[in-house]
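Chemist: how would this look folded up:
(one chain, ligands or ions: 2)
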Amino acid sequence: MSDPILPDVQIKLVKPTDPVLGRVVSNDLCMNGKSASFVKHTVFDVSGTPLAGNFSAGQSFGVVAPGLDDRGKPHKVRLYSVACPSWGEDGEGNVISTTPKRLIDEYVPQSGGDDPSRHHLFLGVCSNYLCDLQVGEEVRLTGPNGKRFLLPADPNAHDYLFLATGTGIAPFRGMLLELLENPAGACESQIHLVMGSPYTTDLLYHDLLLRLSGQHQNFHYHTAISREDASDGAGRYVDGLLNEGMDTFGPLLDSSRTLIYLCGLDGMRVGLYRTLTAHGLDAGYITIDPALGTRSPDDWGTADMRRGVKPTGRCFIEVY
Ligand code: FAD
Ligand code: NAP
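Modeler: Ligands and ions are numbered 1, 2, ... in the order given. Have a look, this model is predicted:
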């Protein structure tokens, strides 16, 4: 099968130089119980702005946090994935959502000139601003952004493998709702989601995903928990779960109908490319530079992959 046809989508209707105001509708935690991290499902009313009705699942939008940065300049826009289907949280396209995670860490040197002994608390500007927001507050928004990380124009023409780590689930929440709860009829294709989290308590939108898998026999929800022992005493990464589950994932990946979507940590891409190659399933999803092809995939590093492995039209990657 040839590459999927992607829909035309609107981009950059609202520029960072002239953001519009969205109003917070709700801002609730979306982890699976008591977790050490804080991730919110943040919902904005954008009615009356150019964003209303003009975003698609898989796109992102910008947030301009108030205040000035270290250099006295207004904060730069940060992007957040749309976590709802294209008809929004309200069914009318007036209410959009995203999945911000508080960036909380100890300061680590960012360049050669930084003092290595500094280790004060580091708080990300925009993620903490978003997670702090109260219902009714106004937020400066831009976008939409992105015209490739999208569902195909004809969803039933394909099967799907979605791979996420952490907040990388955000675009897949929107895509899964778009596929499975479409008022025009549910997609009947095979849909697999593999979600990677450190602990079971870090699984995001877990109840929703369980509900969808219970209600739709064609949707299969798999979890790869990295820091909890499985029966063999070891945790799992997303690619490890794929490797072990080749009885299921092999035929899916071997089908020319299948599209792969990956969102989250850059490292996950390395594991996917290695897994595809090791099982002879790479054709159709990636092209490999001949120089890299002479070496074992186990020896490929992140930089090698960036240079030497390119996703095809059937493989959608969004990492950072
Ligand atoms: P900042 O204040 O910008 O700080 C982060 C920067 O500080 C990093 O770039 C790094 O250089 C530096 N830094 C990081 N840790 C440390 C440390 N320990 N010590 C010193 N310096 C450090 N995020 C989400 O949570 N949910 C989403 O759905 C989401 N979707 C995205 C979609 C796209 C297309 C992209 C590109 C990004 C997305 N992000 C998402 C990430 C988001 O844009 C922000 O980068 C993230 O929230 C951190 O922003 P911040 O303002 O809180 O941190
Ligand atoms: P998290 O909850 O910490 O989960 C990340 C999981 O991935 C952990 O289980 C981690 O395991 C595992 N992991 C680490 N290295 C891996 C590798 N090489 N291969 C596979 N799995 C690996 O995640 P998070 O804090 O939300 O971060 C998720 C990432 O997604 C961030 O980088 C975020 O910026 C990005 N993101 C991107 C987009 C986008 O581009 N649209 C949208 C949203 C989020 P251990 O920690 O136990 O090693």
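
Chemist: Could I get the contacting residues of the residue of the stretch 51-200 of the chain at minimum distance from ligand 1?
Modeler: Ligand 1 sits closest to G124 of the stretch 51-200 of the chain, with a gap of 2.2 Å, by C-beta to the nearest ligand atom. Using the backbone N, CA and C atoms, a C-beta is placed for each residue, glycine as well. The contact partners of G124, by C-beta atoms under 8 Å, 6 or more residues apart in numbering, come to R102, L103, I104.

Chemist: Please name the bridge partners of L121.
Modeler: Applying DSSP bridges to L121 yields these beta-bridge partners: E106.

Chemist: mind listing what it touches?
Modeler: Neighbour list for L121: I104, D105, E106, Y107 [criterion: C-beta under 8 Å, 6+ apart].

Chemist: who does the host helix or strand of I96 pair up with?
Modeler: I96 is part of strand 95-98, with elements assigned from DSSP states H and E. Sheet pairing of strand 95-98 (DSSP bridges) gives strand 40-45 (antiparallel).

Chemist: Let's see the strand it pairs with as PDB, backbone CA atoms only.
Modeler: Below are the C-alpha coordinates for strand 40-45, written out as PDB (Å, rounded to 0.1, in the frame of the first residue of the first chain):
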ATOM      1  CA  LYS A  40      -2.800  17.700  34.400                       C
ATOM      2  CA  HIS A  41      -5.500  17.400  31.900                       C
ATOM      3  CA  THR A  42      -5.900  21.100  31.100                       C
ATOM      4  CA  VAL A  43      -9.000  22.300  29.200                       C
ATOM      5  CA  PHE A  44      -9.400  25.700  27.600                       C
ATOM      6  CA  ASP A  45     -12.400  27.400  26.000                       C
END
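
Chemist: Which of the three states applies to the nearest residue to Q134 once chain neighbours are set aside?
Modeler: Once flanking residues are discounted, Q134 sits nearest to V24: 6.7 Å by C-beta to C-beta, 6 or more residues apart in numbering. Here V24 is strand, with the state taken from DSSP: H, G, I helix; E, B strand; the rest coil.

Chemist: Now do V24: how many residues are near it, please.
Modeler: Neighbour count for V24, taken as other C-beta atoms under 10 Å: 17.

Chemist: Return the backbone torsion pair for the residue in the stretch 201-320 of the chain that ligand 2 sits nearest to.
Modeler: At 2.5 Å from ligand 2, G267 is the closest residue in the stretch 201-320 of the chain, using C-beta to the nearest ligand atom. In terms of degrees, to the nearest 10, the main-chain angles of G267 are phi -60, psi -30.

Chemist: dump the residue contacts of the closest residue to it other than its chain neighbours.
Modeler: Of all residues not flanking G267 in the chain, T302 sits nearest, at 7.0 Å (C-beta to C-beta, 6+ apart). Residues near T302 by C-beta under 8 Å, 6+ apart: D266, G267, V270.

Chemist: isn't the last one right up against W300?
Modeler: Yes. A contact is recorded between V270 and W300 when judged using C-beta atoms under 8 Å, the distance being 6.9 Å.

Chemist: domain parsing for the chain?
Modeler: 20-145, 155-319 (automatic domain parsing).

Chemist: Take the ones you listed and lay them out in a markdown table including distance to D8 and mean pLDDT.
Modeler: Below are the domains of the chain laid out as a markdown table (distance: least, C-beta to C-beta, whole Å; pLDDT from 0 to 100):
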| stretch | distance to D8 | mean pLDDT |
| --- | --- | --- |
| domain 20-145 | 10 | 96 |
| domain 155-319 | 16 | 94 |
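
Chemist: What's the end-to-end length of stretch 11-18?
Modeler: For stretch 11-18, the first-to-last residue distance is 15 Å (C-alpha to C-alpha, to the nearest Å).

Chemist: What does the residue of the stretch 51-200 of the chain closest to ligand 1 show for phi and psi?
Modeler: Dihedral angles for G124 - degrees, to the nearest 10 - are phi -60, psi 140.

Chemist: Leaving aside the residues adjacent along the chain, what's closest to G33?
Modeler: Nearest to G33 is T201, by C-beta to C-beta, 6+ apart, at 4.8 Å.
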